[in-house]
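>>> show me how the following folds:
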Amino acid sequence: MPGELPIPPTNADESLRYYDPDEVALMDLRRIGVSGTGDHIQDDMGPDGSGSRRLYSCSWAERHATAIYLLGFTKTYTDSGGALRISRLLPDRHPAYDIFNWVATKCRITPYRYTGTIEDANLNYGQHIPVFERAHLEVTYELVPFDLKEDFELGEIAEREMERYVTLPGYPGADVSTQV
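Residues are numbered from 1 along each chain as shown. Next comes the predicted model:
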């Protein structure tokens with residue numbers, strides 16, 4: 001049972017676009033653990049790294065589109081001038097720690113409530129996949145040591161791509177070597 005949403009969502013020129021509100025509604029994204037039903041947010045802080053885990057559920061058919069919605073996506077395309085460009089969808093930011101640059105970096109998808117049916121193998125590269133009502137999502141938010149900028153913020157100069165998603169030498173996560 002494949003979903004209705006495009007994966008990834010693209011514009012006419014094959015650059016990426018964000019899912020519109022009607023498409024997001026099809027995902028039926030819900031928080032788990034709100035109103036006393038569990039732990040929606042778990043924060044971990046320490047010298048070895050900081051991050052957060054948030055729990056959600058979504059429509060089983062739209063689980064992959066929902067993961068893209070939360071984690072973002074990257075692809076190349078050729079613009080109208082024939083130049084190869086990079087298009088990115090930004091990941092979801094942690095609602096309480098966006099000042100720390102915590103963004104969604106991983107998503108574990110777990111099935112919930114088997115419907116008793118199996119998808120057609122022809123739709124799944126020869127694999128029979130059980131169908132479930134919903135998917136549980138465990139989303140990890142982590143500190144990233146680089147800037148997140150939208151495509152339009154870079155303008156037309158390809159070299160400006162280095163202004164985002166690049167960890168510069170001397171910052172956490174960058175490979176830095178020194179010699180005496």
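
>>> how about the strands in this structure?
30-31, 41-44, 51-59, 73-78, 84-89, 102-118, 130-143 (DSSP state E).

>>> can you tell me what sits against the first one?
Contacts of strand 30-31 from elsewhere in the structure, counted by CB atoms under 8 Å, 6 or more residues apart in numbering, are His40, Arg54, Leu55, Tyr56, Ser57, Cys58. (Each C-beta comes from the backbone N, C-alpha and C, glycine too.)

>>> thinking again about what came up before, closest to Val24 out of the strands of the chain?
strand 51-59 (10.1 Å; CB to CB).

>>> list the buried ones in the closest one?
Residues of strand 51-59 classed as buried: Gly51, Ser52, Arg53, Arg54, Leu55, Tyr56, Ser57, Cys58, Ser59 (neighbour count, 16 or more other CB atoms under 10 Å).

>>> for the fifth one, list each beta-bridge partner.
Spelled out, it's Leu55. Beta-bridge pairing of Leu55, defined through DSSP bridges, involves Glu138.

>>> ok, it touching Cys107?
No: counting by CB atoms under 8 Å, Leu55 stays clear of Cys107, with 11.0 Å between them.

>>> shared neighbours of these two, anything?
Leu137, Glu138, Val139.

>>> can you say which of those are buried?
Leu137, Val139.

>>> from the shared contacts of Leu55 and Cys107, pick the one nearest Arg93.
Val139 (11.6 Å).

>>> show me what the helix-or-strand element of the chain with minimal mean pLDDT packs onto, helices and strands only.
Ranking every helix and strand in the chain by mean pLDDT, DSSP states H and E puts strand 41-44 at the bottom, with a mean of 73. The contact analysis (3 or more CB pairs under 8 Å, 6 or more residues apart in numbering; DSSP states H and E) places strand 41-44 against strand 51-59.

>>> now for the residue most central in space within the chain: which residues touch it?
Nearest residue to the geometric centre of the chain (CA atoms, centre = their mean): Leu71, 0.9 Å. Leu71 is in contact with Pro91, Asp92, Ala104, Thr105, Lys106, Cys107, Val139, counting by CB under 8 Å, 6+ apart.

>>> could you dump these to a markdown table with pLDDT?
A markdown table is the format used below for the contacts of Leu71 (pLDDT from 0 to 100):
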| residue | pLDDT |
| --- | --- |
| Pro91 | 93 |
| Asp92 | 92 |
| Ala104 | 93 |
| Thr105 | 92 |
| Lys106 | 94 |
| Cys107 | 96 |
| Val139 | 94 |
